[in-house]
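[1] sequence? don't have it. structure:
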Ligand SMILES: NC(=O)C1=CN([C@@H]2O[C@H](COP(=O)(O)OP(=O)(O)OC[C@H]3O[C@@H](n4cnc5c(N)ncnc54)[C@H](OP(=O)(O)O)[C@@H]3O)[C@@H](O)[C@H]2O)C=CC1
Ligand SMILES: O=C1O[C@H](COP(=O)(O)O)[C@@H](O)[C@H](O)[C@H]1O
């Protein structure tokens, strides 16, 4: 279907333009929007950082990012159009008087100002007050803020309160880049556009659900940030809980931002608390030691560049989550995520219940239950595991577990899978908040995660070791074994 460009031109201001995220993801994503013809003709892009740089030097920095991070190779014509949109502004983001520089480049009357905060959250408040001091906060000024919002519920409130002094909720776009992934969005379509899944999606039919987000990377030079966060704050509080809420929510009335966010919020509020009384049965925390990942030797967490050798930060977490509502009574959702695991893969496996009665019992004492596997990345696709009759004239029927396998790359051969940030930047420019996280969701997620983090802290137990290149600590396997289940690998 042809794309229609419906938004007003924007002034996209990229705070922290020299940082890792901006160079690796945001600048390449903006360029891809140019290639796709999705930037309005008069849209301008302004990079902000604290060092002196001419616009020409900034263009050079942007060009280097494109050459390094655009996998498809850079199209010279698109690049020429793209760099013609660029400006650079030198601002120390902690100095409100310096924000006036932006008034020279933005045009509040004719363009919507979309401010992307790709900086540490500790200075989000400074940026808001700087924009305000420069008179740049008007009704349609927007702010896009990166995760993590805070370190716990209380600190997230401080950051959100600070932003809320200057911006209404309808102007705030909180990023969780998983919500921009094609396959995460497809969860809405799978669940709510297919009758076969709408009717079987509850405790009557589903035995349990597994959500795995396995990474092969380690801390990637981000020790300072990561060691303070750990996998719970870095991945579970946001990405895994967002996937979980999309999977478990009730059908929204429509696909408007608040309809979807209202339903996700109800799931987050229904998560059964985990605290010092039950964390031992319901959670496992791990930290990788040296090993081999995809055939290459990998250092342990405590041997990573910049490491503090005493750190007890978790690089792996697995959790049994119970959702206390009508639909999911008695259906555990098992979450698992870690760095330096055996292979990269984000997938959801929905295990259906056993049949109530087996008519093939003379030949097969039990029949394997159906499974729905949703591969979010890489090799995006959906598989349904079904039993089929093996063709043949034998006296007894031979059954075989087979797959209905829909691979996105085979089915949608000519479609490029856009990076999550491309979609999210576009949606922020369009003014659609559906794929962004509302304040009450962030707080509900923190409130549940804090219970676990407090229990772990109070226990003083070190994380369990697991070898880089494995599927996490043995205790994670044991957690499912206690429920007579096992991880899909
Ligand atoms: N990198 C990633 O993969 C991901 C990052 N995020 C989030 O995105 C945000 C940015 O992360 P990342 O790019 O990794 O961080 P970086 O530290 O690489 O970049 C942050 C940028 O902010 C600039 N900055 C900080 N303080 C000031 C100031 N007072 N005035 C002007 N500039 C300032 C820094 O400038 P200078 O270079 O001069 O120090 C730096 O370029 C963070 O909130 C992070 O949590 C979220 C998901 C993934
Ligand atoms: O937000 C983050 O996500 C990445 C994983 O993202 P993916 O798109 O590659 O799955 C993670 O490595 C990083 O630590 C975290 O901050």
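    That came in fine, so what should we check first? In this text, all values refer to a predicted model and were calculated from it rather than measured experimentally. Numbers count the residues shown, from 1 in each chain. Ligands and ions are numbered 1, 2, ... in the order given.
[2] now do the contacts for the closest residue to residue 427 other than its chain neighbours.
    Counting by CB to CB, 6 or more residues apart in numbering, residue 427 lies nearest to residue 435, which is 5.3 Å off, once chain neighbours are set aside. From N, CA and C alone the C-beta is placed, and that goes for glycine too. Going by CB atoms under 8 Å, 6 or more residues apart in numbering, residue 435 touches 179-180, 185, 423-424, 427.
[3] repeat that for residue 444.
    Applying CB under 8 Å, 6+ apart, the residues near residue 444 are 265, 268-269.
[4] tell me the pLDDT of it.
    We have a pLDDT of 98 for residue 444.
[5] just how off-centre is the one helix or strand it maps to within its chain?
    Using DSSP states H and E, the element containing residue 444 is helix 439-459. Computed by CA atoms, centre = their mean, to the nearest Å, the chain-centroid distance of helix 439-459 equals 18 Å.
[6] and the following helix or strand past it, which strands flank it?
    Later in the chain than helix 439-459, the nearest helix or strand by DSSP H and E is strand 464-467. According to DSSP bridges, strand 464-467 has the following sheet partners: strand 283-289 (parallel).
[7] touching ligand 2 at all, the strand it pairs with?
    No - Strand 283-289 is not in contact with ligand 2 by CB under 6 Å from any ligand atom; minimum separation 13.6 Å.
[8] next secondary structure after that strand?
    Moving toward the C-terminus from strand 283-289, the next helix or strand (DSSP H and E) is strand 291-293.
[9] run through who's touching that next one.
    By CB under 8 Å, 6+ apart, the surrounding residues in contact with strand 291-293 are 216, 297-298, 300, 340-342, 467-470.
[10] filter those residues to the buried ones?
    In the contacts of strand 291-293, burial by neighbour count holds for 216, 298, 300, 340-342, 467-470, counting by 16 or more other CB atoms under 10 Å.
[11] now the two most distant members of those residues.
    Looking at these by CB to CB, the two members farthest from one another are 300 and 342, with 15.8 Å of separation.
[12] tally of neighbours for the spatially closest residue to residue 309 that is not a sequence neighbour?
    Among residues not flanking residue 309 along the chain, residue 302 sits closest, at 4.9 Å (CB to CB, 6+ apart). Other residues within reach of residue 302 by the criterion other CB atoms under 10 Å amount to 16.
[13] contact residues of this structure facing ligand 2?
    Taking CB under 6 Å from any ligand atom as the criterion, the neighbours of ligand 2 within the chain are 215, 217, 234.
[14] these in strands, which ones?
    Mapping those onto strands (DSSP state E) picks out no residues; all lie outside.
[15] measure the residue lying closest to residue 355 once chain neighbours are set aside to residue 489 for me?
    Among residues not flanking residue 355 along the chain, residue 367 sits closest, at 6.3 Å (CB to CB, 6+ apart). Computed with CB to CB, to the nearest Å, the distance linking residue 367 and residue 489 is 22 Å.
[16] hang on, the earlier thing: show me which of the contacts of residue 435 is closest to residue 78.
    Out of the contacts of residue 435, the one with the shortest distance to residue 78 is residue 423. That distance is 18.2 Å, counting by CB to CB.
[17] would you map the strands across the stretch 201-350 of the chain?
    With DSSP state E, counting those that start in this stretch as the criterion, the stretch 201-350 of the chain has strands at 206-214, 283-289, 291-293, 296-298, 316-321, 333-338, 345-352.
[18] helix or strand for the residue nearest to residue 69 when sequence neighbours are not counted, which one?
    Using CB to CB, 6+ apart and skipping residues adjacent in sequence, the residue nearest residue 69 is residue 28, 4.6 Å away. Element membership for residue 28 (DSSP H and E) is helix 27-35.
[19] does that helix come close to ligand 1?
    No - for a cut-off given as CB under 6 Å from any ligand atom, helix 27-35 has no contacts with ligand 1; the smallest distance is 11.2 Å.
[20] that helix - contacts with which helices or strands?
    Counting by 3 or more CB pairs under 8 Å, 6 or more residues apart in numbering; DSSP states H and E, the packing neighbours recorded for helix 27-35 are helix 55-69, helix 76-83, helix 420-430.
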